[in-house]
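Student: mind looking at a prediction? Sequence and model below.
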Amino acid sequence: MDDTQLWRELGQQFRVDSVRCAAAAKSGHPTSGMSGADLMAVLLAKYLRYDWGNPDLATNDRLVFSKGHASTLLYAMFRAAGAITDEELLTYRQFGSMLEGHPTPIIPWVDVATGSLGQGLPIGVGMGIAGKYLDRLPYRVWVLCGDSETAEGSIWEAFQHASHYELDNLTAIFDVNRLGQRGPTMDEWKLDHYRARAEAFGWHAIEIDGHDVEAIDAAYAEAAATSGKPTVVLARTIKGKGVKAVENEEGWHGKALDDPDAAIEELGGLRNIMIDVAKPEAGEPHRFETGSLELPRYDVGSEVATRKAYGDALAALGSARGDVVAVDGEVSNSTFAEIFKAAHPDRFFEMYIAEQQMAAAAVGLQARGYRVFASSFAAFHSRAYDFIRMAAISRATLCLAGSHAGISIGEDGPSQMALEDLASIRAVHSSTVLHPCDANQTAKLVAAMADLDGISYLRTLRPNTPVLYGPDEEFPVGGSRVVREGDAVTIVGCGITVHEALKAAERLEGARVIDCYSIKPIDGATLAAAARETGKLVIVEDHWPEGGLGEAVLAALAEQGASAEIRHLAVREMPRSGNPDELLHAFGIDADAIVEAAKP
């Protein structure tokens, strides 16, 4: 066969394999895989550079299926490349198989989990940034997108950032098959609509027939030759291509075909074409200079905002580790990530006010081996919550920092006051949740985050707070600190409420104060001992009562089999603007409220 014949036959093989594995599973999205089959046939046979035996090779191209439901097509590619056997292909969606309904990194050749639409392309932007600015290697990032997901705003956040960073190593392939889950997409086959948007964002756009393999070949060659801007290939395709019963028909999304044997016969039967995928050239990623870690040191009794300590510590960490990278949502002068930017400008990437893209870029960067710290106001991480949730499914390692948390921010008012952040991140699988109360503690926890796996979150404060701890003290993740001893009542706080607890303890006889800086994992043993020894706990937090410190403490006591009289102080009414002291008092989480709650 010549190349053109090979590509056509390989595309048909991908369609057959999509039908077969979905039939074996009695579920899946074969028609979505069938529309993109020719696009991926040409990519696999000619353009992709990948060493299947070494998926971590730095020079490998990266392939992301943003339309993760088209996993039948991805797994068909794996079979053609010799990465999996035919028997493995037919374990699709079965319990115990790595070939899940949507791809995840339990598969060695999958970098990130997809399936929540609108995420693959933003993650691809992070990979493209890594390749161009950090690794400084010529690998390409290929992202297959569905047309339905272009309704997601995160796709267009990706478009603007890819253009801003001139990611000519990134090619998005839009499989425009007209049909979504329940019917036609917003723009159906109006490729001119997609093109106008793409070009307005500064992309190079190419319109093609997505089943004309020669046109696909020419488009990929043009994309590879385009300099200074990313490329989108807008491919008009037919959902269910090749099987008349389902071609361009509604009602077949997410369903195995009724008569797979007839469909396979119509597609020309089973094929066993194997592709010797071209390997990339050898190369090593760029390495940044490193030194020893010298964390900032703050004098006990001085007043420093924990957000400022975060920035200082992050810059110090960047000097010690060349893999540390920072991204921020255009608030770096408030999160103090600007200190890192000043010290390490070539490892700082501005994501502007696009928190979904910020989280996605962090996921893409960490997939290339970087330790990424992503910072914004704590309230605004909620804009990216689905990306954080999916990052856990990706088995990603991310360090998130949220500043300006709680009513202690003061006059900005409730729109800026994160009062649900601890609950939301605690609920994420693999997460670590930390809330320091002073600058030296913050610095130590920032350094600790850099060695944690999974999703870690550091909550920082806007106001200056007294430094309680010396710079040489240690704060292990999962620990707590008994700041004041007592045997009559225990006050448990974190962040700003530790300082309120200490003020209250001065007015109470026998008050013990626990700084519960590690909320997940939590120090259940210390809390249980306090419950047994004092018999009464007052838990106070600058957070809604649901899901934060209070519920973490109660769960820990239950696990430890400990009990006590519990008073839980939290923000229970919608706050408003005011100075921090006024707000802490008005909403019942200041020293006065603690004293009242501690009374018999």
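Tutor: Yep, that arrived. Residues are numbered from 1 along each chain as shown.
Student: show me the shaky parts of the stretch 1-150 of the chain.
Tutor: Along the stretch 1-150 of the chain, segments meeting pLDDT under 70 are nowhere present.
Student: count of neighbours near the closest residue to residue 159 other than its chain neighbours?
Tutor: Excluding the flanking residues, the one nearest residue 159 by Cβ to Cβ, 6 or more residues apart in numbering is residue 201, at 4.1 Å. (Each C-beta comes from the backbone N, C-alpha and C, glycine too.) Here the number of neighbours of residue 201 (other Cβ atoms under 10 Å) works out to 19.
Student: residue 201 and residue 147, how far apart?
Tutor: Distance, residue 201 to residue 147, by Cβ to Cβ, to the nearest Å: 17 Å.
Student: what's the answer for residue 7, then?
Tutor: Summarising the geometry, the distance separating residue 7 from residue 147, computed by Cβ to Cβ, is 22 Å.
Student: the more surrounded of the two?
Tutor: More crowded of residue 7 and residue 147, by other Cβ under 10 Å: residue 147, with 29 against 22.
Student: give the closest residue to that one in space, chain neighbours not counted.
Tutor: residue 176 is the one closest to residue 147 (Cβ to Cβ, 6+ apart), at 4.5 Å.
Student: so who does that neighbour touch?
Tutor: By Cβ atoms under 8 Å, 6 or more residues apart in numbering, the contact list for residue 176 reads 147, 189, 191, 194, 210, 234-237.
Student: ok, now residue 355?
Tutor: For residue 355, the contacting residues are 329, 376, 380-381, 383-384, taking Cβ under 8 Å, 6+ apart as the criterion.
Student: in stretch 224-237, which residues are buried?
Tutor: In terms of neighbour count (16 or more other Cβ atoms under 10 Å), stretch 224-237 has its buried residues at 229-237.
Student: just the ones of these in strands?
Tutor: Residues of the buried residues of stretch 224-237 located in strands (DSSP state E): 231-236.
Student: let me see the contact set for residue 507.
Tutor: 591, 595.
Student: which among the contacts of residue 176 gets closest to residue 539?
Tutor: For those, the residue nearest residue 539 by Cβ to Cβ is residue 147; the value is 49.8 Å.
Student: quick check: that closest one vs residue 445, distance?
Tutor: Residue 147 sits at a distance of 44 Å from residue 445 (criterion: Cβ to Cβ).
Student: my guess is residue 234 contacts residue 206. True?
Tutor: Yes. Look at residue 234 against residue 206 with Cβ atoms under 8 Å: they come within range, at 6.6 Å.
Student: tell me the secondary structure for residue 391?
Tutor: When states are read from DSSP: H, G, I helix; E, B strand; the rest coil, the local structure at residue 391 comes out as helix.
Student: count the neighbours of it for me.
Tutor: Burial of residue 391 is recorded as 29 neighbouring residues (other Cβ under 10 Å).
Student: got the contact list for the closest residue to it other than its chain neighbours?
Tutor: Across the structure, with Cβ to Cβ, 6+ apart as the measure, the residue nearest residue 391 apart from its sequence neighbours is residue 363 (5.1 Å). Residue 363 makes contact with 112, 123, 126, 387, 390-391, 394, 396, 398, according to Cβ under 8 Å, 6+ apart.
Student: for ChimeraX, write the select line for the buried members of these.
Tutor: Written as a ChimeraX command, the selection of buried residues from the contacts of residue 363, which uses 16+ other Cβ under 10 Å, is:
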select :112,123,126,387,390,391,394,396,398
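Student: which of the contacts of residue 363 fall in helices?
Tutor: In helices, judged by DSSP state H, the following of those are found: 123, 126, 387, 390-391.
Student: over to the residue lying closest to residue 213 once chain neighbours are set aside. Which of the three states is it?
Tutor: Nearest-residue entry for residue 213: residue 7, 4.0 Å, with adjacent residues in sequence omitted and distances by Cβ to Cβ, 6+ apart. Here residue 7 is recorded as helix under three-state DSSP.
Student: surely residue 7 and residue 39 touch.
Tutor: No. With contacts counted by Cβ under 8 Å, residue 7 stays clear of residue 39, the gap being 10.1 Å.
Student: quick check: neighbours shared by the two?
Tutor: Applying Cβ under 8 Å, 6+ apart, one finds that residue 7 and residue 39 are jointly contacted by residue 216.
Student: show me where the stretch 501-600 of the chain has helices.
Tutor: Ranges of helices within the stretch 501-600 of the chain are 524-534, 549-560, 580-586, 591-598, based on DSSP state H, counting those that start in this stretch.
Student: of all the ones in helices among the contacts of residue 363, which comes closest to residue 451?
Tutor: Nearest to residue 451 among the ones in helices among the contacts of residue 363, with distances taken as Cβ to Cβ, is residue 391, at 17.8 Å.
Student: what residues does that closest one make contact with?
Tutor: For residue 391, the contact set (Cβ under 8 Å, 6+ apart) comprises 359, 362-363, 398, 455.
Student: then residue 467?
Tutor: 298-304, 438-440.
Student: also residue 175?
Tutor: With contacts taken as Cβ under 8 Å, 6+ apart, residue 175 has the following neighbours: 32, 35-36, 39, 67, 70, 144-147, 210, 235, 237.
Student: those residues in strands, which ones?
Tutor: When DSSP E is applied, these are split such that 144-146, 235 fall in strands.
Student: identify the farthest-apart pair in those.
Tutor: 146 and 235 (11.2 Å).
Student: shared neighbours, these two?
Tutor: The contact sets of residue 146 and residue 235 overlap at 174-175 (Cβ under 8 Å, 6+ apart).
Student: that's a helix at residue 313, yeah?
Tutor: Yes. Assessed with three-state DSSP, residue 313 lies in a helix.
Student: next one: it relative to residue 515, how far apart?
Tutor: With distances defined as Cβ to Cβ, the gap from residue 313 to residue 515 amounts to 18 Å.
Student: one step back: just put the contacts of residue 363 in a markdown table and tack on distance to residue 74.
Tutor: Shown next, in a markdown table, are the contacts of residue 363 (distance: Cβ to Cβ, whole Å):
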| residue | distance to residue 74 |
| --- | --- |
| 112 | 13 |
| 123 | 15 |
| 126 | 20 |
| 387 | 21 |
| 390 | 17 |
| 391 | 20 |
| 394 | 15 |
| 396 | 19 |
| 398 | 24 |
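Student: which two of the contacts of residue 363 have the greatest separation?
Tutor: Pairwise over the contacts of residue 363, using Cβ to Cβ, the maximum falls at 126 and 390, 13.2 Å.
Student: can you list the low-confidence ranges for the stretch 501-600 of the chain?
Tutor: Across the stretch 501-600 of the chain, no stretch falls below the confidence threshold (pLDDT under 70).
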